[in-house]
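Peer 1: model the following, please.
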Amino acid sequence: MADLITNHGHNAGYTCLAFSQDGKLAFTGGDEGLVRTWKVAEGSDQEPALSTEAENGVTSIASSGDCWLAGGIDADVRRYGYDPPKFEGLVTSAKGVPVRCVAVDPRGKRVAVASDEQEIRLVELDDITKITLLKHDGHRSGVRTVSWHPTAPLLTSCGRDGQIIVWNVSKDEPTKEADVQSILPTLKNDEAIAQDCRAIWHPSGEYFFVPDRQRDIVSVRRSGWKKDQTFRTAEHGFINALALSPNGAYLVSAAKNMIYVWSTTTTRLVAKHSSGSEALVHQILFSPSENLLAWTTANGDFTRWKNPVTSPDPIERLAETSGVAAKVTDLPLLFKDDDKNPDLDALMNVDDNEEGEEEEEGDDDDDDAREELQKEPDWIEDDTAGPLVKEMGKISKFFIRPISTRLVSITKAQPAFQPGATPMVDSKCYLALNRIGKIEATAVATTSRYIYDVKFWDGSVRGNVHIAEDFEYNLADLGERGALFACKAHEGEPGHVLYKLYGNASPPQWKYPLRRNCSVLGIAAGGLPPSGNTRNLYDGDLDERRIMGLGGDFVSMVAGHEWVFVVHRAGSTTIDGSQNLSYTLINFDDFSVRQRDFLPIPKGHTLTWIGITDEGAPAMYDSTGRLHILTKYRIPHHASWARVMDTNLLERKVGKDESYWPIGISGNMLMCIVLKGLQTHPPYSSGLVHDELPIEMPFRSSNKAEEKIERDTILLEILRDALDDEMTNEQISKHEQLMDKDYVLLIQSACQQDNVPRAIELAKLIHNSKFLDSVIKISEFYHFKGLTEKIQTLKKIREAGEDRLLVAREKRRQWTRPDPLPRTLSAPNESESRPKPFQDFGSPPPVTRPGLQPARPVKETTRYTASPSIDMPPPSSVPSPPENKRKRDEVEELPSSFEFMAPAPKQKVNPFARKAVPDNGPNVFARKSQLNNIQKSDSFFEKVDAAPTQKSKRPAASKPKDREKQDGPRQTTLLGMMAKKKATVPDSSQPAADSDVTMTDSMTDSTLVETQPDSLPPDWEETQPVETEETQPV
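Peer 2: As a prediction, this is how the structure comes out:
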């Protein structure tokens, strides 16, 4: 039992406590209004100095380099000097309400005062008239405690409303940095006002500790302001007081009349002790200069506990584990003897690492500098700014070099890990946890034997496997056909790999020895990487098939049926917190790289788990709580990571402190182990069971149906990519039908909201056209006529167009089509006559333009002879026309300069083609007794015959038979100007008005062709010259 030193200094009631900066003095304030100054080095028989200026009880005490402050129920904050304690005056006063907490910033320049008011006062100690109020968008009720960040200008306040607000006070106008909700309990009365709920910052400045509503202690990390770790203290009772060691290695809590000391690295209980009385502990603190704990109780006692912990010492500075942006400052400037050191002010404004990355051990020069610094502590203390450097030395992120001070930020590289493996705790651990089952490992006490139990979630498919070995297997994985184990070299024996088959397979197992000094980094059922950057792939016959270089540091891997998914680091980590992790998807058949890209891990976070879905898609989970699935991974260069889940947004997590350990993905469910509080891995339990969480994509929209549609689309793509050319199967068809039903419901919802464009876009996504009929009915029900017409048109296009599966198949073929072979180069001895690219200076080849070519005669065949067989009368003289009647001029040749637009070309028609006439109809070209009575047109010739009967001075025209034949036509028309047409006799069976053939007044042998009614042999044909027309340029 440890020895306690107890001093009774105050009446029963609330008692507060504070240490001086050097740890030599302790100040206690009581409910009677007295402040006593104790010398820590002296025992229980000392007589402390007394300060009696307070009118009522003292509620808070804080110290700085040259003074200490006390606030109380009388609303005043008083300033005192050190030994002997001397009252120097009032600093500030609240508006008639009790002061609950005072806190001095690390520089000793400002003091923050919290009271039952909703505002916080910031007072300059050098000029108390400069007061800044923090009240904009602040607490909704009184403020209980305030605390300062160790390096950055951040102030943390805790209110009666349960809020934790972080203020940025680096500027004249303070701003609200963060608002942390749902952690602190709310106070409805003053019964629990004495309980210390202040936020205790870690010396690194990366997180702070605070009690939560479940009576546990949690850490809130600055990157995201989310709960990070949990100390299970609920079983001890409500937390009355909380404190942290100067180096951040230990956290001490007081519950009822007990003191508990916790390790901040392992969250385990290190030591505990009774407070020495049955009274509640009101406040507890670590001494800033020695291994000592002190606390005050409700009965007015002041108690000290020397050497509460042994190793590591709570005062000695720990190894650097984190850092901020790199900065170098020369010593003369840093140690400048000035009240306002600009470098220290700049140091206080340096923004801490918000991503929470960890610092590596550093280079050799930095390690040597630390060793030299530890060997020569007097060098620092003898310097002008020795106390300043010593105070900085307590901050784990700073270290002093003999020549310069450097603030270094180095991201610690994530080591290789095995998915699903947990560390060994109490001789038990899990070597593997995945969607198939688990492998439990147990180290038998007092022996060198180990027991490995392979258990499956579904025991009806496979039976459990029990293995007892003398080898310590540190890696394992569960595959579809067997369990794979790997052990490291031990006592000069090389490591080996053991593959244990399920069931009654023959052989039941095989073992593969490794080379000496070869350690296994990761293992998967189908892949094994030895140490270094190489990876061996094996098949079931122990044949080494390929050694592949990764080009980086191996991190983890997992194997599927067709491929192995390997995560590695190509290069080093970055200074801004990025792990710089990449992945490679390698095909088992030909060892080709199917995909290669970076992992979507935010800066300052690490990879937690990788695995495969039941559909075979790679998946990953990072420390942010986000789940990603790789889509289109079967198509080269088309893969992309789709974020399908953010566990921070789950409804079940509201008000709970829990995290999740993924083990697999089945459809739309995430198989995981739920971790409570600060648990980083599943605790060993023989009855461990997994939970299934529904996967929800983190969309901003509150419409769950839309989110489900997009999630089903991703699943449908993965299922379809697994098929060959058929593109569909029964499972995909059912999945599409379910999606189409969801689309119809969304279209109905859009119609209810009069959102027609949204309904049209959703209708285009429907897979089966038969569901468009339901959409048409919905649009008709809501009287959207335009929507109905568009859906009907869409349906017709779908039915008339090409099958969508054929289109998708062709699209996939285009994606997977290999690149064309490069063009072969000419041989050196090849003839130089071959033209070279871009060196052919000859004339370009002629361009053929049919419209500009001259007319050429062509031959056409006809079944009718050109020789006239009709007996035509001899030509008779044609009488001359009357004198007063203009004689038709002969067609004159057009001048060469005459230009006109040619009409559109017409289809050539053989004027001598045989026309269809009735069998018993008259032959218009048959020989008659009188050829003078040729039937004339009812339109043109009637008008001509009627013209002479009119009264006119012109003489009567002679009969046609007495007219002489004139050379050329009597009338010149536009068509006649272009070419000479042969006159044809119209068919008497057709109406005359429809005829556009101009007949001359007489027929000659050259223009009349006898029609041969008799049929000719089918093989007969005769070639006739046909007049050609000259093509005119347009």
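Peer 1: pLDDT below threshold where in the stretch 201-350 of the chain?
Peer 2: 317-350 (pLDDT under 70).
Peer 1: strands along that one, start to end?
Peer 2: 207-211, 217-221, 226-231, 239-244, 250-255, 258-263, 269-274, 281-286, 292-297, 301-306, 327-330 (DSSP state E, counting those that start in this stretch).
Peer 1: convert the C-alpha atoms of stretch 415-428 to CSV, please.
Peer 2: Provided in CSV are the C-alpha atoms of stretch 415-428 (Å, rounded to 0.1, in the frame of the first residue of the first chain):
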residue,chain,number,x,y,z
PRO,A,415,3.5,-1.5,-42.0
ALA,A,416,2.4,-4.7,-43.7
PHE,A,417,-0.7,-6.3,-42.1
GLN,A,418,-2.8,-9.4,-42.6
PRO,A,419,-6.5,-8.7,-43.2
GLY,A,420,-8.6,-9.9,-40.3
ALA,A,421,-5.7,-10.6,-37.9
THR,A,422,-5.6,-9.4,-34.3
PRO,A,423,-2.7,-9.0,-31.9
MET,A,424,-1.9,-11.6,-29.3
VAL,A,425,-3.6,-10.7,-25.9
ASP,A,426,-3.4,-13.1,-23.0
SER,A,427,-2.0,-15.9,-25.2
LYS,A,428,-5.0,-15.7,-27.5
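Peer 1: sorry, back to before: in TSV: the strands of the stretch 201-350 of the chain, plus mean neighbour count and distance to Gly30.
Peer 2: Quick note: C-beta positions are derived from backbone N, CA and C, even for glycine. Listed next are the strands of the stretch 201-350 of the chain as TSV, based on neighbours: other CB atoms under 10 Å; distance: least, CB to CB, whole Å:
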stretch	mean neighbour count	distance to Gly30
strand 207-211	25	24
strand 217-221	22	27
strand 226-231	20	30
strand 239-244	24	16
strand 250-255	25	18
strand 258-263	19	21
strand 269-274	16	22
strand 281-286	24	10
strand 292-297	25	9
strand 301-306	21	10
strand 327-330	13	45
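Peer 1: nearest to Ser170, out of these?
Peer 2: strand 327-330 (16.8 Å; CB to CB).
Peer 1: which of the strands of the stretch 201-350 of the chain sits closest to Trp38?
Peer 2: Per CB to CB, nearest to Trp38 of the strands of the stretch 201-350 of the chain: strand 301-306, 6.4 Å.
Peer 1: which helix runs longest in the protein?
Peer 2: When the chain is scanned for its longest helix (criterion: DSSP state H), the result is helix 730-752.
Peer 1: remind me what that helix packs against, helices and strands.
Peer 2: Judged by 3 or more CB pairs under 8 Å, 6 or more residues apart in numbering; DSSP states H and E, helix 730-752 is in contact with helix 704-721, helix 756-764, helix 770-781.
Peer 1: any idea of the mean pLDDT in the first one?
Peer 2: When pLDDT is averaged over helix 704-721, the result is 87.
Peer 1: quick one: contacts of it?
Peer 2: 613, 615-617, 629, 631-635, 642, 644, 667-668, 695-697, 699, 701, 727-728, 731-732, 735-736, 738-739, 742-743, 745-746, 749, 808 (CB atoms under 8 Å, 6 or more residues apart in numbering).
Peer 1: may I see the buried residues of the longest helix of the chain?
Peer 2: The neighbour-count check on helix 730-752 (16 or more other CB atoms under 10 Å) flags 732, 735-736, 739-740, 742-744, 746-751 as buried.
Peer 1: among those, which one lies nearest to Glu124?
Peer 2: Nearest member of the buried residues of helix 730-752 to Glu124, counting by CB to CB, is Ser749, at 60.3 Å.
Peer 1: any idea how far Thr264 is from the residue nearest to the closest one when sequence neighbours are not counted?
Peer 2: Nearest residue to Ser749 in three dimensions, chain neighbours excluded: Ala705, at 7.7 Å (CB to CB, 6 or more residues apart in numbering). When distance is defined by CB to CB, to the nearest Å, Ala705 is 46 Å away from Thr264.
Peer 1: higher neighbour count, these two?
Peer 2: Set Ala705 next to Thr264 and count neighbours by other CB atoms under 10 Å: Thr264 wins out with 21 against 12.
Peer 1: what sits against the more buried one?
Peer 2: Contacts of Thr264 by CB under 8 Å, 6+ apart are 202, 244, 248-251.
Peer 1: contacts for stretch 54-74, please.
Peer 2: With contacts defined as CB under 8 Å, 6+ apart, stretch 54-74 is touched by 13-14, 16-21, 27-35, 51, 76-82, 85, 88, 91, 98-104, 108, 111, 113, 125.
Peer 1: of those, buried ones?
Peer 2: Buried among the contacts of stretch 54-74 (16+ other CB under 10 Å): 14, 16-21, 27-31, 33-35, 51, 76-80, 82, 85, 91, 98-104, 111, 113, 125.
Peer 1: in strands, which of these fall?
Peer 2: 16-19, 27-29, 35, 51, 76-80, 91, 99-104, 111, 113 (DSSP state E).
Peer 1: name the SS class of Ile629, please.
Peer 2: strand (DSSP: H, G, I helix; E, B strand; the rest coil).
Peer 1: circling back to that earlier point, can you put the buried residues of helix 730-752 in a markdown table and add pLDDT?
Peer 2: Compiled in a markdown table, the buried residues of helix 730-752 are given as follows (pLDDT from 0 to 100):
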| residue | pLDDT |
| --- | --- |
| Ile732 | 86 |
| His735 | 87 |
| Glu736 | 89 |
| Met739 | 90 |
| Asp740 | 90 |
| Asp742 | 90 |
| Tyr743 | 90 |
| Val744 | 92 |
| Leu746 | 91 |
| Ile747 | 92 |
| Gln748 | 91 |
| Ser749 | 90 |
| Ala750 | 91 |
| Cys751 | 92 |
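Peer 1: this protein: helices as residue ranges?
Peer 2: So, for the chain - with DSSP H - the helices run 331-334, 342-349, 364-375, 377-381, 386-393, 704-721, 730-752, 756-764, 770-781, 785-800, 804-816, 940-949, 974-978.
Peer 1: measure stretch 39-58 end to end?
Peer 2: For stretch 39-58, the first-to-last residue distance is 20 Å (CA to CA, to the nearest Å).
Peer 1: rewinding a little: need the max-distance pair from the buried residues of helix 730-752.
Peer 2: Farthest pair in the buried residues of helix 730-752 (CB to CB) is Ile732 and Cys751. Separation: 28.5 Å.
Peer 1: pretty sure Leu805 sits against Asp725.
Peer 2: No. Using CB atoms under 8 Å, Leu805 is not in contact with Asp725; the gap is 9.6 Å.
Peer 1: neighbour count for those two, which is higher?
Peer 2: Each of Leu805 and Asp725 has its neighbours counted (other CB under 10 Å); Leu805 has more, 15 against 9.
Peer 1: OK, contacts around the more buried one?
Peer 2: So Leu805 contacts 727-728 (CB under 8 Å, 6+ apart).
Peer 1: verify the stated contact: Asn168 with Ala178.
Peer 2: No. With contact defined as CB under 8 Å, Asn168 does not count as touching Ala178 (9.2 Å).
Peer 1: any chance of the strands of the stretch 201-350 of the chain in a markdown table, plus distance to Val756?
Peer 2: Output for these, formatted as a markdown table (distance: least, CB to CB, whole Å):
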| stretch | distance to Val756 |
| --- | --- |
| strand 207-211 | 52 |
| strand 217-221 | 48 |
| strand 226-231 | 43 |
| strand 239-244 | 59 |
| strand 250-255 | 62 |
| strand 258-263 | 63 |
| strand 269-274 | 65 |
| strand 281-286 | 67 |
| strand 292-297 | 71 |
| strand 301-306 | 76 |
| strand 327-330 | 60 |
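Peer 1: wait, which of those is closest to Leu649?
Peer 2: strand 226-231 (12.0 Å).
Peer 1: so what does that closest one touch, helix or strand wise?
Peer 2: On the basis of 3+ CB pairs under 8 Å, 6+ apart, strand 226-231 makes packing contacts with strand 217-221.
Peer 1: quick one, the strand it packs on and strand 226-231 angle?
Peer 2: Interaxial angle, strand 217-221 versus strand 226-231 (axes from the mean of the first three to the mean of the last three CA atoms, to 10 degrees): 150 degrees.
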